[in-house]
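Novice: I'd like to go over a predicted model; first the sequence, then the structure.
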Amino acid sequence: MKTNWGAAFQIAAVYVGTVVGAGFATGREIVEFFSRFGFIGLIGILMSGYILIFQGSKLMRISARIGAKSYQEFNEYLFGKILGTIINLLMLVMLLGVCAVMLSGAGAVFDEQLGVSKNIGLVITIGLSVLVMLVGIKGLFAVNTFVVPMMIAFSFMLMILSMKLPNFMDQLLYIPFAEDGWKSVVAPFSYTAFNLALAQAVLVPVASEIKDDQTVKWGGILGGIALTVILLSSHFTLVMLPNVELYKIPMAVIMKNLASGFYWIFILIIYGEIFTSVIGNIFGLERQIKNYIRIPSMMIVTIIFAITYFISLVDYGVLLSYLYPVFGYISITFIVLLWMKPLHEG
């Protein structure tokens, strides 16, 4: 069976676009799971890369084989009917939490980088989101095809500039003291489990549409490799920032220090990445809630924004450092079962 490389690259782009959310774009998520552990974090990234490549590919290949139309169907296949329903409800809570983190990230861009109050940033982001939802979703995904490659290009540029700094190798091999050092051992599993569990919402229907096993397999592998490379390039940059944990948007701080000419473009790209993630998640949530309650879409969206707005008032760094690891630990069951499930049954 021949691989359709065009479709494989499209799947890879969707995979990358889905995982590269707000935490990834700001650098905050990479700091939380990896960079604050120094060299141990680098080993964690390589382990995460392996899981993202092979388990991401397996997730999509199984979806294509069983013809799952949504991640609800996929979870029921993986966990069984009763447990699958519980996991789907947990996913609903996780998506709500992630939406709040994204909104808080948008507020942090306004607050830390533009000197505008976080509240104004939140209101502007919600207003723009509602506008896009009224106009339609198509243009939004077009934004992603521009934002993601730009972000990758910038992360490579920053990596090259960081590698030229005098003490680069010392910083890369340094292992700082961390009180919660045990988390560095769990991080590769909780990070990948969390990202794959949430990415299902997009990856399952995409894989089912393509159907061809070889194409889906290579799409997953290429996407996983691209994500690993982006993680590594971001880590190489982040380890060069002293007290990296103190910043809500460390990548922007580094850009200001190393290539200030591109700073404003970079801020726009980070905001664009957060914005597309917010809308993608809201759409996913709205569709899922519709399965449980039959009320108009705009009413559901209003309720989601009301809940996430109040959660997002909590500091972005605090929110991300508590919610993301907890969601990661919840998702580890998902990745273990995915790993145990045979690719071809019978």
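Specialist: Received, thanks. As the structure is a prediction and not an experimental result, all values here were calculated from the model.
Novice: list the buried ones in stretch 117-137?
Specialist: Using 16 or more other C-beta atoms under 10 Å as the test for burial, stretch 117-137 gives Lys118, Gly121, Leu122, Thr125, Ile126, Ser129, Val130, Val132, Met133. Using the backbone N, CA and C atoms, a C-beta is placed for each residue, glycine as well.
Novice: and Glu73, what is it in contact with?
Specialist: Contact partners of Glu73, counting by C-beta atoms under 8 Å, 6 or more residues apart in numbering, are Ile66, Val204.
Novice: repeat for the one 5 residues further on
Specialist: When contacts are counted by C-beta under 8 Å, 6+ apart, Leu78 is found next to Gly84, Phe334, Leu337, Leu338, Lys341.
Novice: with distance to Gly317, pLDDT and secondary structure added, can I get the buried residues of stretch 117-137 in TSV?
Specialist: Putting those into TSV (distance: C-beta to C-beta, whole Å; pLDDT from 0 to 100; DSSP: H, G, I helix; E, B strand; the rest coil) gives the following:
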residue	distance to Gly317	pLDDT	secondary structure
Lys118	12	88	helix
Gly121	15	89	helix
Leu122	16	89	helix
Thr125	18	88	helix
Ile126	21	88	helix
Ser129	22	84	helix
Val130	27	82	helix
Val132	27	77	helix
Met133	28	74	helix
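Novice: quick check, nearest of those residues to Glu76?
Specialist: Nearest to Glu76 among these is Met133, at 28.8 Å by C-beta to C-beta.
Novice: if I read this right, the closest one contacts Ile300, doesn't it?
Specialist: No: Met133 is beyond contact range of Ile300, at 10.9 Å (criterion: C-beta atoms under 8 Å).
Novice: how near is Lys118 to Val130?
Specialist: 19 Å (C-beta to C-beta, to the nearest Å).
Novice: sorry, slip of the keys, the one I care about is Ile330.
Specialist: According to C-beta to C-beta, Ile330 and Val130 sit 30 Å apart.
Novice: so where do the helices sit in the stretch 201-346 of the chain?
Specialist: Assigned by DSSP state H, counting those that start in this stretch, the stretch 201-346 of the chain shows helices spanning 213-238, 250-258, 263-292, 297-312, 316-340.
Novice: what comes up buried for the first one?
Specialist: Neighbour-count burial for helix 213-238, with 16+ other C-beta under 10 Å as criterion, is recorded at 213, 215-224, 226-238.
Novice: isn't Glu225 up against Tyr50?
Specialist: Slight slip there: residue 225 is Ile, not Glu. No: using C-beta under 8 Å, Ile225 is not in contact with Tyr50; the gap is 10.4 Å.
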